[in-house]
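> Next come a sequence and a model predicted from it.
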Amino acid sequence: MTDQVDEFLRSLHDGYAPSPEREELLREILVRIVELSKVDSNAADLRIALTALNELLEASTLFATWRDRPKVTVFGSARTKADHPLYEMARAFAEAIAERGWMLVSGAGPGIMEASSKGSGPSNTLGVNIELPFEQGANEFIDVDKMHVAMNFFFTRKVALTRASQAIVAFPGGVGTMDELFEILTLVHTGKTDPTPIVLVDLPDGTFWRRWLDFMDVLVRDAYIDDVDIALVSLCTSIDGAIEEIEHFYRNYVSLSVVDGRAQMRLRRVPDAHQISELSERFPSFSSGRGFRVHADTLEFDFDGRNYVTLRLLIDEVNSWSFP
């Protein structure tokens, strides 16, 4: 079977040579298809798998064109009316962040999604819609021909909404907004996605996120989460504050990868000897073994795949350094 799969892949190349990683992934997909053909799988299950794969690949194709531009995903209620102050705040935020070169990723629906799409404009907005019988299609500020994809499944939609983004902004919302927020919190907390700023935005006199944080305090009090876990989110009550929070996250920090138990954190400015000593004292869980070391533009340290909240605190620390 493997020889036949390899021969079939070669016939598809037709003059171009895919990377070894890409070829191996395609090979695994084909092998899986062959294996499924030998099992009496439920047709409905196969249809779900096919739909999910198609939706993920369609979203990947859409986002690939803008791979090199930073993106921020905005969540919020579909019920927020155009005359509500939060609608205007979302619109103004999206306009301001787009002026700084960011693209906006939106759920493409009404309410906060519409407001943010309006602010960033059709050329700067990627819309990821969900097909529901009780909600209309994409709002008028989405370019449905070039910048839009529609999903059947919420789980594929959430992957598309968040996977390519470097920041998450959540305005007040209902069950869908909570689902999206807790999903990204879980992913960041467990390291299933890259470290990302998660910004909660409300009006200066708003109480929505303050009450949400009160609920999170209950989880801390009852020992369901640690108090340090709240460091993964930031509450902002102004547009400038939200933008500053996002830009500060990338003030020095660039990206992170983990290889063989060693984290490799790319920075714009690496620490000097004094700063490394301070890091070792403040973050002992990362300074065991070979400890903190600098190589080119990278800060390396021991990381066992846990303590992602502490990792966020480390990112905050490297971003707080003064630049000469």
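Received, thanks.
> which residues of the stretch 51-200 of the chain score low on pLDDT?
By pLDDT under 70, the weakly predicted segments of the stretch 51-200 of the chain are 134-136.
> Strands of that one, start to end?
Remark: strands assigned in the stretch 51-200 of the chain by DSSP state E, counting those that start in this stretch are 71-75, 103-106, 125-130, 148-151, 167-170, 198-201.
> Pull up the pairing partners for the third one, direction included.
Here strand 125-130 has these sheet partners by DSSP bridges: strand 103-106 (parallel), strand 148-151 (parallel).
> in the stretch 201-324 of the chain, which spans are helices?
According to DSSP state H, counting those that start in this stretch, the stretch 201-324 of the chain carries its helices in the segments 208-221, 239-249, 273-282, 308-320.
> between the third one and helix 308-320, how many degrees?
Relative orientation of helix 273-282 with respect to helix 308-320: 160 degrees, computed using axes from the mean of the first three to the mean of the last three CA atoms, to 10 degrees.
> from the strands paired with strand 125-130, which stretch is densest packed?
strand 103-106 (a mean of 28; mean count of other CB atoms under 10 Å). Heads up, the C-betas are built off the backbone N, CA and C, glycines and all.
> Put the alpha carbons of it into CSV.
Extracted as CSV, the C-alpha positions of strand 103-106 are listed here (Å, rounded to 0.1, in the frame of the first residue of the first chain):
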residue,chain,number,x,y,z
MET,A,103,-5.6,43.1,9.8
LEU,A,104,-8.8,42.4,11.6
VAL,A,105,-10.3,38.9,11.8
SER,A,106,-14.0,39.0,12.4
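> ok, residues contacting that strand?
The set of residues external to strand 103-106 that reach it, using CB atoms under 8 Å, 6 or more residues apart in numbering, is 66, 69-74, 94, 97-98, 113, 116-117, 119-120, 124-128, 142, 161-162, 164-165.
> Quick one: buried ones out of those?
Buried members of the contacts of strand 103-106, counted by 16 or more other CB atoms under 10 Å: 70-74, 94, 97-98, 113, 116-117, 119-120, 124-128, 142, 161-162, 164-165.
> Now Asn124. Nearest residue, chain neighbours left out?
In space, Asn124 comes closest to Ala98 once its chain neighbours are excluded; the distance is 4.6 Å by CB to CB, 6 or more residues apart in numbering.
> how much space between the nearest residue to Gly305 once chain neighbours are set aside and Thr310?
Once flanking residues are discounted, Gly305 sits nearest to Gly191: 6.3 Å by CB to CB, 6+ apart. Going from Gly191 to Thr310 by CB to CB, to the nearest Å gives 11 Å.
> and if you look at Ala94?
Applying CB to CB to Ala94 and Thr310 gives a distance of 32 Å.
> is it true that Arg251 touches Asn319?
Yes - using CB atoms under 8 Å, Arg251 is in contact with Asn319, at 4.6 Å.
> what sits against Ile142?
Counting by CB under 8 Å, 6+ apart, Ile142 touches 106, 108, 117, 122, 125, 127, 129, 148.
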